[in-house]
Structures are given as C-alpha cells and as structure tokens.
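*Asks:* fold the following, please.
(2 chains)
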Amino acid sequence: MTMAAMTKDRIGALCTIGPAAAFMVGIVGIPLFYILYVSFNGPHFSPSAYVMLLSSRLFFQSLWSTFETSILATVLSVLLGYPVAVHLARQPARRRALMMIMVLMPFWTSVLVKSYAFTIILGRRGIINTALSCVVGHKVALPLLFNKFSVVIGMANYLVPFVVFPVLASLLAIDPALGRAATLMGARPMRVFRQITLPLSLPGVIAGASSTFIISLGFFVVPALLGGRHDVMLANLVDFYTRETLDWPAAAAIGMCLLAVIGMCGFIATTLRKVRRV
Amino acid sequence: MVHMEKANTNNDMVVPPDRLRLKDVMVRYGSFLALDNINLVIRPGEFLSLLGPSGSGKSTILNVINGAAQPDAGSVLIDGRDVTDVPARDRGLGMVFQNYALLPHMNVFDNIAFPLRVRKWPADRIRHAVADILRRMGLEGFAHRKPRELSGGQQQRVGIARCLVYSPSIILMDEPLGALDKNMREQMQDEIKTLHHATGATFLYVTHDQEEALNLSDRICLMNRGRIEQIGSPQEMYFRPVSEFAATFLGESNILSGCLAGKDLFQSDCGLSIHVEGRPDIAVGGAARLLLRPEHIMCVTPSADMPNRFVFIVENVNFVGGFIRVTVRGRGGGRLQFKARAHNDYANLQVDSEIHLGWLPSDTVLLPA
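*Replies:* Here you go, the predicted model:
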C-alpha cells in the first residue's frame, strides 16, 4: 500500500468510527479511569478499599449471590428462549418477522415497570396466589416474591430475547437440506433434533448464554425491587456503599471487581468459541 | 400349448413389480399446475433422468416421490406399495443433493454411518460396511476428515456413499453435479455410470443438463410445463423427437416451418422442397415442421447425386476447435446452421461465397406444427 492510500484509509476510518470512538472515550473511558482512581483512594493512593472488601463477608456473599442468580437466570433464559427460537425458525419469513417483534415487545417496556408488574403477579396477595386460593378453596400464600425465585423470574423475563436472537440466527444458518437428508435416511424428528439441530445451533446457544450471563452480572433494578435481603447482587452493593455509607472508594473497588469478573467471563466465552471452531 | 401359456403367466407373476410408479399425479400451487397428470414407471435397476428447463416440474416430481410434497391427486407406488401417505422416513429412499447436504459437524465416517445407526446396525457391522463403501468410492483415508476439508467432488462422493451404504430401493439424485466445475462433472459422470453398472441400483436423476442426461441414462423423461413431453432412450430422444420442444431441447437443431406437399416431400416456407420420410399422423397438405440436425448437413460438390441438395450463401463461420459451425442463408431467405469436422477443406470458406449443402431424407424428422 502506498503512503497516500494509507493516509486515505486512515481519514476514512477517522470519519466513520471517529465520532463514536470519541463519544465512548468521553462517556465510558474517562469515567472508568476516574472510578479506578477513586477505588485506590486517590489522591492518597492506598489499596485499603480492596483490602476491606477481601475481608468483608458481605462482599463475598453478594459476589456468590451474583454468580448464583446470574447462572440461574441464564439457564432459565436458555430453557425458555431455545424452544421459541426453534419455533421462529420453522415459520415462513413474514410470520417470523411478526413473531420477532412479539419477542422484542418486552424490550419496549422499562424494566422498572415490568418489575413492579411482577410484584402484582407474584405478591402474597398477588394474581397467582389469589388464583390458587380460589382453586384450592382456602388461603394460599406461596412465598413467590422478595426472594431468589422472583429475582430469577424477573431477570429471565428481560433476558430471553438475548437468547432467542443468536440461537435463531444459528438455526437459520443450518441448511434445511440436512434435515430432509436425515429424514430420508430414516431418522425420526427426535434424532434429527438431537444429532443435527442441537449441535449445529450450539454456537448460537453459547453466544446467547454468555451475553445473557454477562448482562446478568450487572443487574441492579430487578434484585433491588424483587429480591429480599439475601439477594443482594454486586450492583446493589455498589448502590449501598455510594448512597448509604458514602464509602466511595469501596463502591468503586466493587465496580472494578465486577468489571474484572465480567472481563474474565467474556474472555473465557470467546476462548471457548475459538476452541470449538478448531 | 395351454400348459406352456400357463407356465408363462406364472413366470410373469414372478417378475418384480415396477420399482416406482406415479399414477395420475397432480400437484397444484395455488392456480399454478406444477404437475399435470403424470404417469411414470421406473423399472428395477434402471437409470432414468428427469430432464427439463427450470419450472418444468422435474423437482416437483422428485419432491412427490421423496415425500417433501403431497400430490393433490394420484398416487406414488414404490415396489408395488402405495406410499402416498407414508412419511418420508419410511419410504426407504436414498437421496443425493446438489449441495451434498453432508452433516458439517460429523466426519466422513459418521456421515456415512448415519443411516446405518438409524437402522440400529451393530457397531462392527457398521464399521465394515463403511470401510467397504469408502474403499469402493476411493475415499480411503478420508474417514476422519470433516466435510469442509474435502473438495466438492470428494464431498459428493461421500454423499453418494452415504446413499449406497444402506441400499435404498431408489437413489434420487437432485442435480448432484450442479455445484462442480466442468472437468469434475465429467469425471463424476463416469463414476456414477460405473457405480450404476456395478451396484444395479435404481437411479432417478434430475438434471437440466442434456449432455449429462444423454450420457448417463437408460431412459430420459423430458418435462415441459408440468407434463411429460417425451420419454425414451437417449437415442430415441435425440433421433426421433416427437415435438419441436423435444427437438430443440436436446442437441442442436434447425427447425424449418412449412407444409407437407407430398407423402415424402416437405415444402418449406423459405422455398426449399425437401425429400423426407413421411409420418402417418401428419396429413399431406397439412402444416408441419422439419428438424434438421446441424451435423447431418454435408458440404457436397455441385455435381453430387443427393436427393436434397441446395445452394446457400455463407453468412458466418465459427471455428470452435474440433469443428466449425457455419450459418448459411438460402436463396429464398431462411437460415440453416451446419456443423462439420474442422479440416483444411473449410480453411478458405469465405463469407458471402456460395456453398452446396445436402442431407439424406432419413436424417430429417417431421414434427407436428
């Protein structure tokens, strides 16, 4: 490549991705470095916030809770989302487009509103318990709200589309002739699914599950509104330190830890995908 | 005598039924009649090609047979059994696809073993069967490769092996060589032909490539607009086409329009009186067409004794390697193409010069107008 062409290339790149890059540096990059600075007690620079976290039971409890909740929410989202994607993949293109909008519909409602809606559905005198009471004949009050159960339900409700779309993409990428070939060779639908559809859609499942899991790790509103005292996730802990105890270095340190954990998970997921491809 | 006849009838009953029979099959897509009253028989061990332009119904026939499409009327019989309402997986068919349809996440061995595992063969029998077919297809050493690590030709060989390994009653091939380049296509044609002779399997081969159909088939079924235009051996199809469509679809052709002036005399609209072989179904005085293959036209001397000899003006000469293709114009208008082996006699064939051409009455085919 000549110098002139290279310069031209650079100008092109600057024009196309420059604005977004500048915006991201201003809105994410700089604040992130500021948080890192605060977490080390700047301008005095001491790792005291991290030392405090390492000896805090609350931190490890909510770290564990964050993982547990995120894994449960991811598993539930995959279990709910996969069949939806399979159904969508079987529809003719026009009906599929319509159904994709229906899958996206929950996205158009704020997660705050949806979480309040869940308190009405799952509450002690909520829709489910009232309906059950009517059926059984005496008062039923299943503990559906303010526990891990409601948090996972609320999160999965938000996360299902993150599974549906990547899985749908990999299902649609499967050559329909494969299923026809297998059927003609005598395979029943169950075998076609187990030996062809499922393994070939796994890249989509891995992509969907890893993004779902990473999004889960940072959840704040749902555990705050639908969770109980024991369901504090790291994001809620950040909130606690910034607003209740005003210990900003601790909050910043938690934020950095969360970022490190998410980065690690992302790295593992990418490596897994690469390994599968080889 | 009576006894003899009885014995004969008994013998006839032992003859296996047709491998495949389509009876009055009709398929409609909305108002479009995709298949119009198709009756087709494939005999055991036969290699039958479905040939036709796209949209002529050949793929629809294939879909009706393999269960991907349900006929609106009529029935499909395999080995005498009505399978019209039998699901695809229970029809006992094999199919080779244009894009191979190999399972990308399985290696060659597992791909070929797939139909055998479906049939719950024991593992060591599967191992032997797959090893055997790999050897026959020249794929030894490829068992552990993934399909994407093979060339197109090798992939299609795996596709064919995957079919042969469980000896289905009919092997359907849907433009199996369509994705390969020209040299590979020719090589694979030979391989398929050899396999057909070696296995004695029944093949139904869908193609739009006339050369492929002519080279491979025992019989060709030519499709046009959802109907069977003509069915017969490659020779019959080429030398005795029944219609202008059949004549022009297979091979190169000159079609002259005109009328039948006498029992064996065709009067073309461009003023040529041509001696032909008459046809009982075309009445003298009636309109007709005449087929004249370019390679049947000979370049003759002015004094040659030939029933059909005319003077033409050379209009265009194309040298295409082994032969030349010449377009000529008659005195009364009308154009013909002729084809001849290229040799020095034609080296100084000048455009606008006169040329004497002739052909035999037996090389012409009268067609209904």
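*Asks:* output the below-cut-off pLDDT ranges for the chain.
*Replies:* As the question left the chain open, I've gone with chain A. Within chain A, the ranges that satisfy pLDDT under 70 run A:1-3, A:276-278.
*Asks:* the chain in question should be chain B.
*Replies:* Chain B contains residues with pLDDT under 70 at B:1-16, B:344-345, B:347.
*Asks:* what does the stretch 51-200 of chain B put close to chain A?
*Replies:* B:66-68, B:87-95, B:97, B:99, B:101, B:103-105, B:114-115, B:118-119, B:162, B:166 (C-beta under 8 Å from any C-beta of the partner chain). Heads up, the C-betas are built off the backbone N, CA and C, glycines and all.
*Asks:* drop anything exposed from the residues you listed.
*Replies:* For those, a neighbour count by 16 or more other C-beta atoms under 10 Å in any protein chain shown gives the buried set as B:66-67, B:88-89, B:91-95, B:97, B:99, B:101, B:103-105, B:114-115, B:118, B:162, B:166.
*Asks:* which residue ranges form the helices in chain A?
*Replies:* Remark: helices assigned in chain A by DSSP state H are A:3-24, A:30-39, A:48-54, A:57-90, A:93-104, A:111-122, A:127-136, A:148-172, A:176-184, A:189-192, A:198-217, A:221-226, A:234-239, A:248-277.
*Asks:* ok, which of those comes nearest chain B?
*Replies:* For the helices of chain A, proximity to chain B was assessed by C-beta to the nearest C-beta; helix A:176-184 is nearest, at 3.9 Å.
*Asks:* so what does the closest one touch, helix or strand wise?
*Replies:* helix A:189-192, strand B:93-96 (3 or more C-beta pairs under 8 Å, 6 or more residues apart in numbering or on different chains; DSSP states H and E).
*Asks:* the last one pairs with which strands?
*Replies:* Okay, so that is strand B:93-96. Using DSSP bridges, strand B:93-96 pairs in its sheet with strand B:170-174 (parallel).
*Asks:* and after the partner strand, which helix or strand comes next?
*Replies:* helix B:182-199 (DSSP states H and E).
*Asks:* for the stretch 51-200 of chain A, what lies in contact range of chain B?
*Replies:* Taking C-beta under 8 Å from any C-beta, the part of the stretch 51-200 of chain A that reaches chain B is made up of A:175, A:177-178, A:180-188, A:191, A:195-196, A:199-200.
*Asks:* just the buried residues out of these, in PyMOL syntax.
*Replies:* The buried subset of these, as determined by 16+ other C-beta under 10 Å, is captured in PyMOL by this line:
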select buried, chain A and resi 175+177+178+180+181+182+183+184+185+186+187+191+195+196+200
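*Asks:* returning to what we had before: any chance of the helices of chain A in JSON lines, with distance to B:Ala179 too?
*Replies:* Output for the helices of chain A, formatted as JSON lines (distance: least, C-beta to C-beta, whole Å):
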{"stretch": "helix A:3-24", "distance to B:Ala179": "36"}
{"stretch": "helix A:30-39", "distance to B:Ala179": "51"}
{"stretch": "helix A:48-54", "distance to B:Ala179": "60"}
{"stretch": "helix A:57-90", "distance to B:Ala179": "25"}
{"stretch": "helix A:93-104", "distance to B:Ala179": "24"}
{"stretch": "helix A:111-122", "distance to B:Ala179": "49"}
{"stretch": "helix A:127-136", "distance to B:Ala179": "56"}
{"stretch": "helix A:148-172", "distance to B:Ala179": "21"}
{"stretch": "helix A:176-184", "distance to B:Ala179": "12"}
{"stretch": "helix A:189-192", "distance to B:Ala179": "23"}
{"stretch": "helix A:198-217", "distance to B:Ala179": "20"}
{"stretch": "helix A:221-226", "distance to B:Ala179": "51"}
{"stretch": "helix A:234-239", "distance to B:Ala179": "53"}
{"stretch": "helix A:248-277", "distance to B:Ala179": "24"}
